[in-house]
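*Asks:* sequence plus the predicted model coming up.
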Amino acid sequence: MTANQKSTLVASAYRRLRTDIRENRLAPGFQAPEPEIATRLGMSRTPVREALIRLQADGLVRLVPRHGPLVIALTPSEVQRLYDVLSALEPEAAVSLADAAPDTETLSALSGYVGDMAQALDRQDPQGWLAADDLFHQEILSLQTNPRLHHMVSPLLDHVHRVLLTTLPYRDQMQRATEDHQTLLAELAAGNANGARRELRQHRKREGREVMEIIAAQSLTEL
């Protein structure tokens, strides 16, 4: 196997496992031996092992000797800390993007995702809404130009997506959240960095409060 082939297999294993964890197909608390996971992916153990090491660095799994990787669950206090950090860092991605004075073509995907959110609300499709919401935030991170910020925020988006997926059945503020995205998009289109920072920070802080209220009301101990 060449180095390029190995790198491709590692990237594929990482992408597939990350997606399964993000979408709770491998739910918090899931644990299996590495050979079983390799069989699940139809791969040898070597690329799977390297992918799992990357996922551990992302904070999504913990490698437990002789027992295999454990998908990490978040406690309510960890969810609160997650939102505290995300509210501080993610708005800087919006600043970076707004400072670049993005044109309509650059923002076309973001605009499409906001439209998808509105349509999902109309057809009462919370899963579709959450998928569009996730793509919107991932796109902001991809469009901004600071690679270190991307490295720091991307794992946070993975965690928050899992939290939102778990609390989705209890959420009733998606209309307000859609309006938040519309306002943020307008600030980005205007190249207003301060406004973009403010809107994204307020959105995440509001979302964090809503999530913590759901966790308390439903007596959720792990997510």
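*Replies:* Structure's in. What do you need?

*Asks:* would you map the helices across this protein?
*Replies:* 3-22, 34-41, 45-57, 76-99, 108-122, 126-143, 147-167, 174-189, 193-218 (DSSP state H).

*Asks:* buried residues in the last one?
*Replies:* Right, helix 193-218. Neighbour-count burial for helix 193-218, with 16 or more other Cβ atoms under 10 Å as criterion, is recorded at 193, 195-201, 203-204, 207-208, 210-212, 214-215. For every residue, glycine as well, the C-beta is placed using N, CA and C.

*Asks:* what's the answer for the first one, then?
*Replies:* Using 16+ other Cβ under 10 Å as the test for burial, helix 3-22 gives L9, V10, A13, Y14, R16, L17, R18, D20, I21, R22.

*Asks:* how close does the fifth one sit to A32?
*Replies:* If you measure R16 against A32 using Cβ to Cβ, to the nearest Å, the figure is 14 Å.

*Asks:* only C-alpha atoms, please: export stretch 122-140 in PDB.
*Replies:* Only the C-alpha atoms of stretch 122-140 are listed here, as PDB (Å, rounded to 0.1, in the frame of the first residue of the first chain):
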ATOM      1  CA  ASP A 122     -43.000  25.200   6.800                       C
ATOM      2  CA  ARG A 123     -43.200  21.500   6.300                       C
ATOM      3  CA  GLN A 124     -42.700  20.800  10.100                       C
ATOM      4  CA  ASP A 125     -39.400  18.900   9.500                       C
ATOM      5  CA  PRO A 126     -37.100  19.500  12.500                       C
ATOM      6  CA  GLN A 127     -34.500  17.000  11.200                       C
ATOM      7  CA  GLY A 128     -34.300  18.900   7.900                       C
ATOM      8  CA  TRP A 129     -34.100  22.200   9.700                       C
ATOM      9  CA  LEU A 130     -31.200  20.900  11.900                       C
ATOM     10  CA  ALA A 131     -29.300  19.600   8.900                       C
ATOM     11  CA  ALA A 132     -29.500  23.000   7.200                       C
ATOM     12  CA  ASP A 133     -28.500  24.700  10.400                       C
ATOM     13  CA  ASP A 134     -25.400  22.500  10.700                       C
ATOM     14  CA  LEU A 135     -24.500  23.200   7.100                       C
ATOM     15  CA  PHE A 136     -24.900  26.900   7.600                       C
ATOM     16  CA  HIS A 137     -22.400  27.000  10.500                       C
ATOM     17  CA  GLN A 138     -20.000  24.600   8.800                       C
ATOM     18  CA  GLU A 139     -20.000  26.900   5.700                       C
ATOM     19  CA  ILE A 140     -19.100  30.000   7.700                       C
END
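
*Asks:* so how far is it from its chain's centroid?
*Replies:* Chain-centre distance of stretch 122-140: 11 Å, with Cα atoms, centre = their mean, to the nearest Å.

*Asks:* enumerate every residue touching A120.
*Replies:* P126, G128, W129, A132 (Cβ atoms under 8 Å, 6 or more residues apart in numbering).

*Asks:* neighbour count and pLDDT added to these, as a markdown table?
*Replies:* A markdown table is the format used below for the contacts of A120 (neighbours: other Cβ atoms under 10 Å; pLDDT from 0 to 100):
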| residue | neighbour count | pLDDT |
| --- | --- | --- |
| P126 | 15 | 94 |
| G128 | 15 | 95 |
| W129 | 23 | 96 |
| A132 | 22 | 97 |
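
*Asks:* of these, closest to Q56?
*Replies:* Q56 lies nearest to A132 out of those, by Cβ to Cβ, at 29.5 Å.

*Asks:* L223: how many residues sit nearby?
*Replies:* If you count neighbours by other Cβ atoms under 10 Å, L223 ends up with 23.
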